[in-house]
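In: Need a 3D model of the sequence below.
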Amino acid sequence: MPEVALALWALYGAAALGWRVAVQLRRSGTTGLVAVRARPPSLAWWADVGQGLGIVLGLAAPLLDLWDAVEPVGWLDRTPVHVAGLVVFAAGLAGVVASQSAMGASWRIGTDPGERTDLVTSGPFALVRNPIYTALIPTLLGLALLVPSALALGSVALFAAATEVQVRGIEEPHLLRVHGREYAQYAARVGRFVPRLGRRAR
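Out: Numbering: from 1, shown residues only. Below you'll find the model as predicted:
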């Protein structure tokens with residue numbers, strides 16, 4: 001399945017990044033990609049490195065599998081698991097694209113402390129505060145299940161851990177500074193990644 005995994009990685013890149021950047025450019029004249037200004041050993045730097053490394057290792061896993069450089073976990077390297085991976089990937093990618101679209105002009109990759117964007121609380125954002133991440137992690141898990149090596153599965157765990165750091169340590173404090181009470185009230189009623197879980201205390 002490594003060939004299928006690589007093809008789906010390309011689809012993910014085109015749909016979740018290429019298409020979204022093209023839409024953002026057409027609508028606003030900017031890419032929505034915020035330059036990384038974090039410096040080591042800051043929390044933001046570690047979060048950026050963790051997320052980036054998770055993606056790189058996840059993409060490397062099917063390549064190394066193709067070259068017989070890594071071994072799949074035997075009990076996971078089965079057709080039902082691969083089919084489940086395809087289903088999870090498709091559902092996750094649809095959720096990523098839908099959540100990015102719901103953000104409209106507020107969509108960004110990265111956080112610029114000097115920038116203010118509208119707070120989006122409708123659509124999937126009415127269910128969870130971070131629906132892109134909620135959908136992205138299953139997307140990456142689905143890809144990993146196609147080539148279920150320790151490297152592939154570890155890349156998902158690394159990305160998920162770095163995302164927790166990114167959201168809790170960088171994005172939420174930024175949104176509180178920018179939107180104040182409006183964000184605090186929103187965060188008190190809507191879960192972080194799962195409905196009703198991770199709500200902030202009032």
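In: residue farthest from the centroid of this structure?
Out: Asp68 (28.1 Å; CA atoms, centre = their mean).
In: I'd say Leu57 and Ala150 touch.
Out: No. When contacts are counted by CB atoms under 8 Å, Leu57 is not listed as touching Ala150 (10.6 Å). Every residue, glycine included, has its C-beta placed from N, CA and C.
In: what about the two, which has more around it?
Out: Leu57 (18 against 12; other CB atoms under 10 Å).
In: Show me how far stretch 131-142 is from its chain's centre.
Out: How far stretch 131-142 lies from its chain's middle: 6 Å, per CA atoms, centre = their mean, to the nearest Å.
In: residue ranges for the helices of this protein, please.
Out: 2-12, 19-28, 43-66, 79-103, 131-146, 150-165, 172-179, 181-189 (DSSP state H).
In: Any chance you could list what contacts the shortest one?
Out: What it means is helix 172-179. Identification of contacts with helix 172-179 by CB atoms under 8 Å, 6 or more residues apart in numbering yields 111, 113, 116-117, 119, 183-184, 187, 200.
In: Including neighbour count, could the residues you listed go into JSON lines?
Out: Formatted as JSON lines, the contacts of helix 172-179 follow (neighbours: other CB atoms under 10 Å):
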{"residue": "Thr111", "neighbour count": "20"}
{"residue": "Pro113", "neighbour count": "12"}
{"residue": "Arg116", "neighbour count": "10"}
{"residue": "Thr117", "neighbour count": "16"}
{"residue": "Leu119", "neighbour count": "13"}
{"residue": "Tyr183", "neighbour count": "19"}
{"residue": "Ala184", "neighbour count": "14"}
{"residue": "Ala187", "neighbour count": "20"}
{"residue": "Arg200", "neighbour count": "17"}
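In: returning to what we had before: deepest-packed of the helices of the chain, please.
Out: Most buried of these, by mean neighbour count (mean count of other CB atoms under 10 Å): helix 131-146, with a mean of 24.
In: Point out the other elements, helices or strands, that that helix touches.
Out: Counting contacts by 3 or more CB pairs under 8 Å, 6 or more residues apart in numbering; DSSP states H and E, helix 131-146 is packed against helix 2-12, helix 43-66, helix 79-103, helix 150-165.
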